[in-house]
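Asker: sequence? don't have it. structure:
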């Protein structure tokens, strides 16, 4: 449990976070049949949206530092964590063996560049120990027991890739529960629990990347190669090979794919099978598609236009450039036991792998020993601070487009700008982003409030929090406190009903997540398209959305203060409540207890504030 002990030391990490954008896969058959009230007509393909008006920043609008809102306390307990794994299998070695040479690295100014210090506290490193993932897989298997092998096999491919690859090389299929990889007696247990380990990612071959042939964990690793001829890929030409060949049996090899978003797409473009009401497999569902969203935006680029790691990219922004930002000062010797011929690198990717999942990093910190993590709390805290920094400085902006008062009515239009190169929020469909809009009078009394966050993680006025079978629609104009603009995905089954079970999700009844710049919703394929009322909203476009609030001020004379906040949460209460229906399952019960002790307050991504004069004062509209 987290406690207020001291003010946070805010460590500002200058992360270059412009992010990623889109391509396409043809829409898959078997989408949900939706009730007419929920369905929205598709926009005309190629329809030209009205040009967006670029207005100057209005005078008197204050940008609030989001780091000062909903401040999350530093935990009081600091645990050391277990040692990194030093397993050895036929094709892989543990991260602890890599750390023997790739730790205690610095740049020319003495900043820590150690790969293991950065990686070990990320969600990539802890993919196999992620308690939400373990709980969700356990629940899906319990609800769909006939597909147990399919579910477990699909999930371990990307969360336990080294172990899964070894089993596949022998003609088998990975399993998670029972005698599977979670079992300490399984011969591949240690390899599995090392998560997305170093020797896995760096062995992915340059085959089929960026295409459907490699999506959903269909990466290629050469399991026929034998030591010391096993290629281990990196982004630098002419690598020195003798040390790693002798120490670990790998031959360092130039691999341009390591500087290509298509490498990340092997696991971060995920399609899962879904069942109809009869329990029959009816198609596949685009559970996560950030790579395809990226390719459909101005951030995206073709894999045929690869560039060297030290070259400026003229065609887009790679996943690696945001999630593995280069060292600023350069001069990094990439091995602590470096042969004399190794040259310092000025373009060295820091293995931060920062996303937006602040709450899960806090859960890991709070339960380090219970989960058997191989990272000290201090490193988890480093990653958590980097994640907060990315969310609060590099992900989105708020601005005021228009604010005017006519008699007792206030009208204000707020613009939300997406800075990242895929939809925001992205990834797993439990995440949401929303606008909290509040008007107060000169005594601090609340005149109007939409989107107020509650202590249990719910949002006041959100239909989905009140009744998980429903959801809050997309809005262009808000006139009541029980209307909330929430950017999220809502899954539907083949009967058109809201579902939280992945293997019943046939499509999205709502997907109004913020689009990346350059994303054309009128031409986007169904798998990455906009779903629900946002498809008809001309103010919801690539890179931004605008929402107009119309507030009845009553007979209050004013003046008034208006605040708009953009808030983020990685696990919605409805999703958590649905998972908790299986709380009798040990892994589900464990995660539910962890979540109950967690800080459920949102992360403030951006915030602005402005004044509205009192009655009798002339005020020009903000233009």
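Answerer: Yes, it's here. Computed from a predicted structure; not experimentally measured. Numbers count the residues shown, from 1 in each chain.

Asker: which regions of the stretch 301-450 of the chain sit below the pLDDT cut-off?
Answerer: 304, 314 (pLDDT under 70).

Asker: rerun that using 90 as the cut-off
Answerer: For the stretch 301-450 of the chain, the stretches with pLDDT under 90 are 301-316, 328, 336-342.

Asker: all strands for it, in order.
Answerer: All strands of the stretch 301-450 of the chain, identified by DSSP state E, counting those that start in this stretch, fall at 396-406, 409-418, 432-441, 446-450.

Asker: gap between the first one and the chain center?
Answerer: With C-alpha atoms, centre = their mean, to the nearest Å as the basis, the distance from the averaged C-alpha position of strand 396-406 to the chain average is 28 Å.

Asker: which residues sit in contact with the residue nearest to residue 147 when sequence neighbours are not counted?
Answerer: Distances taken as C-beta to C-beta, 6 or more residues apart in numbering place residue 503 nearest to residue 147, at 6.6 Å, with adjacent residues excluded. Yep, even glycine has a C-beta here, placed from its N, CA and C like the rest. Residue 503 is in contact with 140, 143-144, 147, 151, 272-275, counting by C-beta atoms under 8 Å, 6 or more residues apart in numbering.

Asker: and residue 503, how far from residue 268?
Answerer: Using C-beta to C-beta, to the nearest Å, residue 503 is found at 20 Å from residue 268.

Asker: also residue 385?
Answerer: From residue 385 across to residue 268, the span is 23 Å (C-beta to C-beta).

Asker: please apply the same query to residue 65.
Answerer: Taking C-beta to C-beta as the measure, residue 65 falls 31 Å from residue 268.

Asker: tell me what whichever helix in the chain runs longest is packed against?
Answerer: As assigned by DSSP state H, the longest helix anywhere in the chain is helix 377-393. Counting contacts by 3 or more C-beta pairs under 8 Å, 6 or more residues apart in numbering; DSSP states H and E, helix 377-393 packs against helix 115-119, helix 358-366, strand 603-612.

Asker: who's more crowded, residue 65 and residue 268?
Answerer: Taking other C-beta atoms under 10 Å, residue 65 and residue 268 do not tie; residue 268 has more neighbours (21 against 12).

Asker: in this structure the more buried one contacts residue 290, no?
Answerer: Yes: in this structure, residue 268 is within contact of residue 290 by C-beta atoms under 8 Å, at 5.5 Å.

Asker: what's the overlap in contacts for these two?
Answerer: Each of residue 427 lies in contact with both residue 268 and residue 290 under the rule C-beta under 8 Å, 6+ apart.

Asker: flag every buried residue along stretch 173-192.
Answerer: Buried residues in stretch 173-192, defined by neighbour count with 16 or more other C-beta atoms under 10 Å: 174-177, 180-182, 186, 188-192.

Asker: also stretch 189-206?
Answerer: Going by neighbour count (16+ other C-beta under 10 Å), the buried part of stretch 189-206 is 189-204, 206.

Asker: before we move on, back to that, need the winner for burial among the strands of the stretch 301-450 of the chain.
Answerer: Burial of these is given as mean neighbour count (mean count of other C-beta atoms under 10 Å); strand 432-441 ranks first at a mean of 22.

Asker: return the list of helices and strands in contact with that strand.
Answerer: Secondary-structure packing of strand 432-441 (3+ C-beta pairs under 8 Å, 6+ apart): strand 409-418, strand 446-450, strand 486-492, strand 544-552, strand 560-569.

Asker: packing partners of the helix or strand that the second one is followed by?
Answerer: Counting by DSSP states H and E, the next helix or strand C-terminal to strand 446-450 is helix 463-466. In terms of contact count using 3+ C-beta pairs under 8 Å, 6+ apart, helix 463-466 is assigned the packing partners helix 573-579.

Asker: picking up where we left off before, and which of the buried residues of stretch 173-192 is nearest residue 439?
Answerer: Residue 439 lies nearest to residue 176 out of the buried residues of stretch 173-192, by C-beta to C-beta, at 50.2 Å.

Asker: could you check which helix or strand contains the closest one?
Answerer: Remark: residue 176 resides in no helix or strand, with elements defined by DSSP H and E.

Asker: please enumerate the strands of the stretch 101-250 of the chain.
Answerer: Remark: strands assigned in the stretch 101-250 of the chain by DSSP E, counting those that start in this stretch are 230-234, 250-254.

Asker: do you know which of those lies nearest residue 280?
Answerer: strand 230-234 (41.1 Å).

Asker: partners of that closest one in the sheet?
Answerer: strand 250-254 (parallel) (DSSP bridges).

Asker: just the residues contacting the strand it pairs with, thanks.
Answerer: With contact meaning C-beta under 8 Å, 6+ apart, strand 250-254 is reached by 199, 227-241, 244-245.

Asker: could you rerun that using 10 Å?
Answerer: 91-93, 98, 199, 202-203, 225, 227-245, 308, 335 (C-beta atoms under 10 Å, 6 or more residues apart in numbering).

Asker: which other helices and strands contact whichever helix or strand comes after that strand?
Answerer: Going down the chain from strand 250-254, the next helix or strand is helix 261-268, by DSSP H and E. Contact analysis of helix 261-268 by 3 or more C-beta pairs under 10 Å, 6 or more residues apart in numbering; DSSP states H and E lists helix 148-159, helix 198-201, helix 290-295, helix 319-323 as its packing neighbours.

Asker: give me the distance from helix 261-268 to the chain's centre.
Answerer: Worked out by C-alpha atoms, centre = their mean, helix 261-268 lies 14 Å from the chain centre.

Asker: any idea of the mean pLDDT for it?
Answerer: Helix 261-268 shows a mean pLDDT of 97.

Asker: same question, stretch 163-179
Answerer: On average, stretch 163-179 scores 97.

Asker: next one: it to chain centre, how far?
Answerer: Stretch 163-179 sits 27 Å away from the centroid of its parent chain (C-alpha atoms, centre = their mean).

Asker: with stretch 74-86 instead?
Answerer: Worked out by C-alpha atoms, centre = their mean, stretch 74-86 lies 24 Å from the chain centre.

Asker: how long is it end to end?
Answerer: This stretch, stretch 74-86, spans 31 Å end to end (C-alpha to C-alpha, to the nearest Å).

Asker: what average pLDDT does that stretch get?
Answerer: Average pLDDT, stretch 74-86: 84.

Asker: stretch 228-237 now?
Answerer: 96.

Asker: sort out which residues of that stretch are buried, please.
Answerer: Across stretch 228-237, burial judged by 16+ other C-beta under 10 Å covers 230-236.

Asker: end to end, how far does that stretch reach?
Answerer: Span of stretch 228-237 from end to end, C-alpha to C-alpha: 19 Å.

Asker: stretch 194-202 now?
Answerer: End-to-end for stretch 194-202, by C-alpha to C-alpha: 14 Å.

Asker: also stretch 203-215?
Answerer: End-to-end distance for stretch 203-215: 16 Å, by C-alpha to C-alpha.

Asker: could you shift the numbering so residue one becomes 22, and keep it that way?
Answerer: In the new count, where the first residue is 22, that last one comes out as stretch 224-236.

Asker: mind listing what residue 505 touches?
Answerer: With contact taken as C-beta under 10 Å, 6+ apart, residue 505 is in contact with 455-458, 471-473, 480-486, 493-494, 496, 499.

Asker: including distance to residue 437, could the strands of the stretch 122-271 of the chain go into CSV?
Answerer: Listed next are the strands of the stretch 122-271 of the chain as CSV, based on distance: least, C-beta to C-beta, whole Å:
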stretch, distance to residue 437
strand 251-255, 39
strand 271-275, 42
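
Asker: out of those, which gets nearest to residue 508?
Answerer: Ranking the strands of the stretch 122-271 of the chain by proximity to residue 508 (C-beta to C-beta) places strand 251-255 first, at 36.6 Å.
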